[in-house]
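A.B. asks: predicted structure and sequence below. I'll ask about it afterward.
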Amino acid sequence: MGIGRFVLRARPLWKTEKEFFEKTSQLLSLDEGKELLKFIKEYTGIPDYLIIRTSIFGDIKIPVLGIGDRERKAEVQELNEKLRVETIKKEFKNIGESSLNNISKIIATNIIGHEIVKESCALQLFSDKLHILLLGDPGTGKTEIVRSTAECSPISSFGLGNGTTNVGLAVTVQGDEVKPGLLPMAHEGICAIDELNLLKEDSRAGLYNAMEKGFVTYDKGGHHYQFPANVRVLAAANPKGDKFRGASANALRRQLPFDPALLTRFHIVHVIHKPNSEEFERIARKVAETNDKNLFPGDAEILKTFIEVMRKKEPALTQEVKEAIIMIAKDIKQREEELLIEVSPRLVKGIAELVKASARISQREEAMLKDVETARKIMLESLKTGEETSI
């Protein structure tokens, strides 16, 4: 070590440097804090703040080190990324149990209502393998919710059922070149499909493969292609005849645009009706009372970072939580005749995915019964058909 650098390390911190270090070192491990102090004292990194404007938290001050020594640029950038991630995690930690509610408000802000649907989509962003279908009348905001959710995901693709074939879902063929299609483009992310009811039956093989096995295949000219497609599918579809008529489960079943083979691959199916007079009045009042709250580019930035970090976590399910999940599934199974769709073992998987996603959003290493209650509320609401049911 040169004598100059040794002297610099021994120097006291300036007041602004000390304030920066005291606030910032709390975000780091002991070793990372020592490295931060070393960078500051050697002028390798110059203390500063980056302001990110958000609608959830207001202005967030991200501590950042300006590059003082080009030779150590990579080290400083690595520490800066750590500071950015930990600051964002701290902001979400500070709002605690309201994180899910706040995140769901970022989704399709132009659509009033559908709070449970938006919460489902918010949880899907943090899930490992959760497929959601929004099934209902045109003009109910399905497309906006699907598109907005995809835009919040760090990785996503968006396509239309009427413009997509099995080849387009699995691969894109340009001459002799075979490239990933809509599904593999969203590997480890959200594959959003609008107007899924217009996807032809003979074009669904790739979708089935991705939803079940996490990959797609394609054969051409004696060559076999396989692309990873571990996706979470978020789709919107209209019923037969474009509009649901009637509210009973039997009436709605006759208007489903899919056979059970596709429908049961979704863990959650939300039936969305146009609002009746009472619901319309509630929405109208909410519109009149709500102040316009514009989103900022920072909203998507911080949310994508938070999703990336928390999806790497695997919250533990205690025996108590597992038993609670089984009881919910058992209760729903007993009322299967009243429901729109057949209750399959995927229901248990869907509830567990919701529970773990809820725990991730709250930054819990172990899921709690409050996470089960969140999953229960969403699952039961999604199973309603529009008529009064006993669930």
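C.D. replies: Perfect, I can see it now. Numbering: from 1, shown residues only.
A.B. asks: for residue 182, which non-adjacent residue is spatially closest?
C.D. replies: Using CB to CB, 6 or more residues apart in numbering and skipping the chain neighbours, the partner closest in space to residue 182 is residue 159 (4.5 Å). For glycine as for every other residue, the C-beta is placed from the backbone atoms N, C-alpha and C.
A.B. asks: pLDDT score for the nearest residue to residue 168 once chain neighbours are set aside?
C.D. replies: Once flanking residues are discounted, residue 168 sits nearest to residue 181: 5.4 Å by CB to CB, 6+ apart. Listed pLDDT for residue 181 reads 91.
A.B. asks: and what of residue 363?
C.D. replies: 96.
A.B. asks: before we move on, what about residue 73?
C.D. replies: 92.
A.B. asks: that one: neighbouring residues, count only.
C.D. replies: Neighbours of residue 73 under the rule other CB atoms under 10 Å: 13.
A.B. asks: from residue 232, how far out is the spatially closest residue to it that is not a sequence neighbour?
C.D. replies: Leaving aside its sequence neighbours, residue 73 sits nearest to residue 67 (CB to CB, 6+ apart; 5.3 Å). From residue 67 across to residue 232, the span is 38 Å (CB to CB, to the nearest Å).
A.B. asks: got the domain boundaries for this protein?
C.D. replies: In terms of domains, the chain is parsed into 1-104+275-312, 105-274+313-382 (source: automatic domain parsing).
A.B. asks: single out the most deeply packed of those domains.
C.D. replies: Scoring the domains of the chain by mean neighbour count under mean count of other CB atoms under 10 Å gives domain 105-274+313-382 as the most buried, with a mean of 19.
A.B. asks: mind checking the end-to-end distance for that one?
C.D. replies: 19 Å (CA to CA, to the nearest Å).
A.B. asks: for residue 356, give me its contacts.
C.D. replies: 127-128, 314-315, 317, 367, 371 (CB atoms under 8 Å, 6 or more residues apart in numbering).
A.B. asks: list the contacts of the residue lying closest to residue 257 once chain neighbours are set aside.
C.D. replies: Nearest residue to residue 257 in three dimensions, chain neighbours excluded: residue 197, at 3.7 Å (CB to CB, 6+ apart). Applying CB under 8 Å, 6+ apart, we find residue 197 in contact with 161, 237-240, 257-258.
A.B. asks: now do 7 Å
C.D. replies: Applying CB atoms under 7 Å, 6 or more residues apart in numbering to residue 197 gives the contacts 161, 237-238, 257.
A.B. asks: redo these as TSV? Include pLDDT, secondary structure and distance to residue 227.
C.D. replies: Compiled in TSV, these are given as follows (pLDDT from 0 to 100; DSSP: H, G, I helix; E, B strand; the rest coil; distance: CB to CB, whole Å):
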residue	pLDDT	secondary structure	distance to residue 227
161	86	helix	20
237	94	strand	25
238	92	coil	29
257	85	coil	27
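A.B. asks: contacts for stretch 214-228, please.
C.D. replies: Contacting residues not belonging to stretch 214-228 are listed as 167, 170-171, 178, 180, 183-184, 187, 206, 209-210, 229-230 [CB under 7 Å, 6+ apart].
A.B. asks: need those residues in TSV with secondary structure and distance to residue 384, can you?
C.D. replies: Below are those laid out as TSV (DSSP: H, G, I helix; E, B strand; the rest coil; distance: CB to CB, whole Å):
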residue	secondary structure	distance to residue 384
167	helix	37
170	helix	35
171	strand	38
178	strand	44
180	strand	37
183	helix	30
184	helix	35
187	coil	33
206	helix	31
209	helix	31
210	helix	28
229	coil	32
230	coil	30
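A.B. asks: how about CSV for the residues you listed, with distance to residue 265 added?
C.D. replies: Shown next, in CSV, are the contacts of stretch 214-228 (distance: CB to CB, whole Å):
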residue, distance to residue 265
167, 20
170, 16
171, 21
178, 26
180, 21
183, 13
184, 18
187, 18
206, 13
209, 11
210, 10
229, 14
230, 15
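A.B. asks: name the nearest of those relative to residue 355.
C.D. replies: Taking CB to CB as the measure, residue 355 lies nearest residue 230 of the contacts of stretch 214-228, at 20.1 Å.
A.B. asks: what about the strands in the protein?
C.D. replies: Along the chain, the stretches classed as strands by DSSP state E are 45-54, 58-67, 132-136, 156-160, 171-174, 177-180, 190-194, 215-220, 223-228, 232-237, 268-272.
A.B. asks: for residue 247, which of those strands is the nearest?
C.D. replies: strand 268-272 (9.6 Å).
A.B. asks: the inter-axis angle of the closest one versus strand 232-237?
C.D. replies: Going by axes from the mean of the first three to the mean of the last three CA atoms, to 10 degrees, strand 268-272 is angled at 30 degrees with respect to strand 232-237.
A.B. asks: residues in contact with the residue most central in space within the chain?
C.D. replies: The centroid of the chain falls nearest to residue 125 when counting by CA atoms, centre = their mean (1.1 Å). Residues in contact with residue 125 (CB under 7 Å, 6+ apart) are 149, 152-153, 307.
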